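Asks: Quick one: sequence and predicted model below, then my questions.
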Amino acid sequence: MNLEFILFIIFAAISVSSGLLMITRVNLVIAALLLVVNFASLAGLYLILNAQFIAIAQVIIYAGAIMVFFLFVIMLINPEHEKKFMDYKPQLKIFGVIISILVFIQLTYIILLSKPSEGVSREVEASVKAGTIEQIGRELFTNYVLPFEAVAYLLLAAAIGALVLAKKKFN
């Protein structure tokens with residue numbers, strides 16, 4: 001057993017267990033924190049696949065920004081309303097259980113009856129190199145420098161516009 005396989009098993013176990021715990025929690029804040037754990041374990045899986053940029057984006061964007069937004073929304077809504085909605089519609093629980101069983105059967109079929117590929121082709125090796133931060137940076141600043149600069153100026157204009165609109169409201 002090599003280190004990659006051991007790390008894969010660890011990150012996969014954390015991901016599956018935190019996902020199961022997340023959907024079974026009644027407290028929405030605890031469920032959101034378990035989702036952060038799930039995002040972190042997925043970032044670890046991305047690192048094993050040599051996709052450093054996607055792993056970093058997973059942590060910064062999803063575990064950082066999106067989860068802050070989720071927690072903000074959770075604090076604003078009334079979670080008690082959701083419990084009453086499920087009490088009025090018990091057929092939704094049955095539908096959810098049926099869909100979960102179907103997805104589990106499909107995943108079991110794929111895992112047990114699929115055949116792994118024999119070897120690594122050149123396209124796979126090239127795709128592994130394409131996910132590195134170095135390669136993405138090289139592409140952005142050589143082949144795509146004009147669209148990159150255009151997006152940067154567009155975001156700058158949007159930020160200035162938001163500041164101007166916010167300043168008018170406070171005066």
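Replies: Arrived safely, thanks for sending. Residues are numbered from 1 along each chain as shown.
Asks: and the next element down the chain from the strand or helix carrying Gly137?
Replies: In this structure, Gly137 sits in helix 133-142 according to DSSP states H and E. Downstream of helix 133-142, the next assigned helix or strand under DSSP H and E is helix 145-170.
Asks: Which elements pack onto the helix holding Gly137?
Replies: helix 52-57 (3 or more CB pairs under 8 Å, 6 or more residues apart in numbering; DSSP states H and E). Using the backbone N, CA and C atoms, a C-beta is placed for each residue, glycine as well.
Asks: C-terminal to the lowest-mean-pLDDT helix or strand in the chain, which secondary structure element comes first?
Replies: The helix or strand with the lowest mean pLDDT-type score in the chain, counting by mean pLDDT, DSSP states H and E, is helix 79-88 (a mean of 63). Going down the chain from helix 79-88, the next helix or strand is helix 90-113, by DSSP H and E.
Asks: mean confidence score for that next one?
Replies: The average pLDDT within helix 90-113 is 87.
Asks: My guess is Met22 contacts Phe39. True?
Replies: No: Met22 is beyond contact range of Phe39, at 10.6 Å (criterion: CB atoms under 8 Å).
Asks: For burial, what's the neighbour tally of Thr142?
Replies: Neighbourhood size, Thr142 [other CB atoms under 10 Å]: 8.
Asks: Check the gap between it and Ala55 for me.
Replies: Using CB to CB, to the nearest Å, we find Thr142 at a distance of 23 Å from Ala55.
Asks: Kindly export whichever strand or helix holds Ile23 (C-alpha atoms) in PDB.
Replies: Element membership for Ile23 (DSSP H and E) is helix 3-24. The C-alpha trace of helix 3-24 is given here as PDB (Å, rounded to 0.1, in the frame of the first residue of the first chain):
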ATOM      1  CA  LEU A   3       0.700   6.700   0.700                       C
ATOM      2  CA  GLU A   4      -1.700   7.900  -2.000                       C
ATOM      3  CA  PHE A   5      -4.000   4.900  -1.400                       C
ATOM      4  CA  ILE A   6      -3.900   5.400   2.400                       C
ATOM      5  CA  LEU A   7      -4.700   9.100   2.000                       C
ATOM      6  CA  PHE A   8      -7.500   8.300  -0.400                       C
ATOM      7  CA  ILE A   9      -9.100   5.900   2.000                       C
ATOM      8  CA  ILE A  10      -8.800   8.500   4.900                       C
ATOM      9  CA  PHE A  11     -10.200  11.400   2.800                       C
ATOM     10  CA  ALA A  12     -12.900   9.200   1.300                       C
ATOM     11  CA  ALA A  13     -14.000   7.900   4.700                       C
ATOM     12  CA  ILE A  14     -14.100  11.500   6.100                       C
ATOM     13  CA  SER A  15     -16.000  12.700   3.100                       C
ATOM     14  CA  VAL A  16     -18.600   9.900   3.200                       C
ATOM     15  CA  SER A  17     -19.000  10.000   7.000                       C
ATOM     16  CA  SER A  18     -19.300  13.800   7.200                       C
ATOM     17  CA  GLY A  19     -21.800  13.700   4.300                       C
ATOM     18  CA  LEU A  20     -24.000  11.200   6.100                       C
ATOM     19  CA  LEU A  21     -23.700  13.100   9.400                       C
ATOM     20  CA  MET A  22     -24.600  16.300   7.600                       C
ATOM     21  CA  ILE A  23     -27.800  15.100   6.100                       C
ATOM     22  CA  THR A  24     -28.900  13.400   9.400                       C
END
